[in-house]
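Q: Build the 3D model from these lines:
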Amino acid sequence: MISNIPLAQAIVQYFNKHQIDHIVISPGSRNAPLTISFANDNYFKCFSIADERSAAFFGLGLAQQLRRPVALLCTSGSALLNYYPAIAEAFYSQIPLIVVSADRPSGKIDIGDGQTIRQDQVFANHILCSETLNDEDGEHNDRQIHHAIEACLLKRGPVHINVPFEEPLYNTTAHSNRNPYIFEVFSQDEPFEVDINFLETWQQASKKLILVGDLFPHALDEEILNQLLQDESIIILSEKSSNLHHAKLIDQIDVLITPFTDEDFRAFQPEVLLTFGGMIVSKRIKAFLRKYKPARHVHVDSLRAYDTFFCLSQHYKTMPNVFFNQILKKTQTTPSTYQSTFLTIFQKRKQLAKAFVEKQIFSDLTVFDTVFKYLPENLQIQVGNSSPIRYFQLFETKKSWDIFCNRGTSGIDGSTSTAVGAAFIAKKPTVLITGDISFFYDNNGLWNNYIKSNFGIILINNRGGGIFRILPGHQDNYVFNEFFETQHELNASHLAAMHGFDYLEASNQEIFKNHLKSIYSHVTERKKPFILEIFTPTLENDKILKQFFKNL
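A: Residues are numbered from 1 along each chain as shown. I've put the predicted structure just below:
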């Protein structure tokens, strides 16, 4: 059975036509025509999640792994506003989401009806396309639905379809009584050619720096990476969520550059900076490139380029593999000591870092060191924002891990929900590594029926927002403790019991190490997901981290 309302039928028909089959539904009455239609059609995989904020991040996790659009469906009123954090994340991370919101007819807006707000263009600043339908013009509605889907597919990001429904809402029919208009989605792929001016600049430069942000695993061909790093004039800096691995890759950026003097920075300053991938975590590399600007900054992305370092010269609208294949065919390696000089420095820094960590007491720093040593192979790792992703940058990761983090807006608000959604799709067992504030903030991420038994959470509980102790302005007083760090005495044991998770805890190195060694059996053999909560010393973590950098 499907709704007898033509608008509901139109949306279902177009979603089917464009293979948009994952629908995350939050309960409500106004969206009943669509809920009935999607849930009764076996083509669609429907998920019921009550909290719209969590539902949107869950959908974002699905779309992150599927790499194609996922739809979010909610009722009218404030329900829609709860999608906004995930919409902003999807906008900046280029993740395709289709928001479908039920609404009152236009004549019912601002007259005092319940669950009614101004929904038209509500996401205007962070949406690729926003369409409000009507119940009169079938072809016009079809064109708007098609336009939104096309924008989502071609521009990779969130779109919004606002659908007004008049009561009655629950009437159904066995078959659709309408035929959709047919519109073709045209590809934006165009022939690409690197210009001769850039090729000459690239060939002549003896200091070429490639900085890689967030990337889906295997997004860059391994052979391209090998060829690039045969050129001694090229240094590649990568963040952990780039999912790139090579012996000559510098993937612990802050370990390398934090101790640099002005003389070191000038020697490291590139003639050409080439960037691709998503947002950059390291504040230090941003500060360096803003002060010691390259003569030329080129960004490679098929859609967008951000002037992160205030010196963007050129944006090549293509995929990195296409771009580098042309570069490598049309240029030769350049004699230089740029790569070898800084790889030597990097190896020394890593040795100093390792020696320092081995001498430290149990703390956030040693927890991450232990994670990288003893967490098993072949996992998908979802990393929480704030402290966890920054600690992640300081250690060597396993090549068999697939690493993801919500770096579009860098918010802590949806890490758990995103990880749960991603884990539902992922072929590998999934482990979320997160901090206590982020975890408790998003604990509704555990409130659904789609958590797989091979999912786990490593929760680092330092009883507050420990990152604020690292940032400038920290003073140990009431205002800081209460309003910045937000100190607490919470633990996750009751949440674990309520949501059916196994619960483990550790407050010293040996117990933690043993738990990590057994995690693979947790995620492959146990019938329950797990939470492993680690308690670290609130007042020591920042001191140890600051001394870590000083020791370099």
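
Q: Buried ones in the helix or strand hosting L516, by neighbour count?
A: Secondary-structure assignment from DSSP states H and E places L516 in helix 509-517. Neighbour-count burial for helix 509-517, with 16 or more other C-beta atoms under 10 Å as criterion, is recorded at Q509, F512, H515, L516. Yep, even glycine has a C-beta here, placed from its N, CA and C like the rest.

Q: what's the spacing between F512 and S518?
A: 11 Å (C-beta to C-beta, to the nearest Å).

Q: Kindly apply the preceding question to I250 instead.
A: On the measure of C-beta to C-beta, I250 and S518 end up 33 Å apart.

Q: same check, this time on K373
A: Distance of K373 to S518, given as C-beta to C-beta: 15 Å.

Q: between these two, which one's more packed in?
A: For K373 versus S518, neighbours defined as other C-beta atoms under 10 Å are more numerous around S518 (15 against 12).

Q: Do you know the pLDDT at that one?
A: S518 carries a pLDDT value of 81.

Q: ok, it to W401 distance?
A: Applying C-beta to C-beta, the value for S518 to W401 is 18 Å.

Q: burial count for A305?
A: A305: 17 neighbours (other C-beta under 10 Å).

Q: Excluding chain neighbours, what is closest to the residue nearest the centre of the chain?
A: Closest residue to the average C-alpha location of the chain: N406 at 2.7 Å, with C-alpha atoms, centre = their mean. Counting by C-beta to C-beta, 6 or more residues apart in numbering, N406 lies nearest to E89, which is 5.3 Å off, once chain neighbours are set aside.

Q: shaky segments in the chain?
A: Residue ranges of the chain with pLDDT under 70: 136-137, 185-189, 465-485, 520, 522-526.

Q: residues contacting E139?
A: Y181 (C-beta atoms under 8 Å, 6 or more residues apart in numbering).

Q: Assign it to helix, strand or coil.
A: helix (DSSP: H, G, I helix; E, B strand; the rest coil).

Q: ok, it to F183 distance?
A: For E139, the distance to F183 equals 10 Å [C-beta to C-beta].

Q: V159 now?
A: In terms of C-beta to C-beta, V159 sits 15 Å off from F183.

Q: With neighbour numbers in mind, choose between those two.
A: Between V159 and F183, V159 has the larger neighbour count (other C-beta under 10 Å), namely 27 against 15.

Q: Show me what the more buried one is bridged to.
A: Here V159 sits in beta bridges with I98, C129, going by DSSP bridges.

Q: correct me, but I433 touches F372?
A: No - with contact defined as C-beta atoms under 8 Å, I433 does not reach F372; the gap is 10.4 Å.

Q: of these two, who's got more company?
A: Neighbours were counted for I433 and for F372 using other C-beta under 10 Å; I433 has more, 26 against 16.

Q: And that one, how far from F216?
A: Distance from I433 to F216, by C-beta to C-beta: 19 Å.

Q: Now N16. Nearest residue, chain neighbours left out?
A: Y43 (5.8 Å).

Q: Please tell me how far the one you found sits from H22.
A: If you go by C-beta to C-beta, the gap between Y43 and H22 works out to 11 Å.

Q: Lovely, talk soon.
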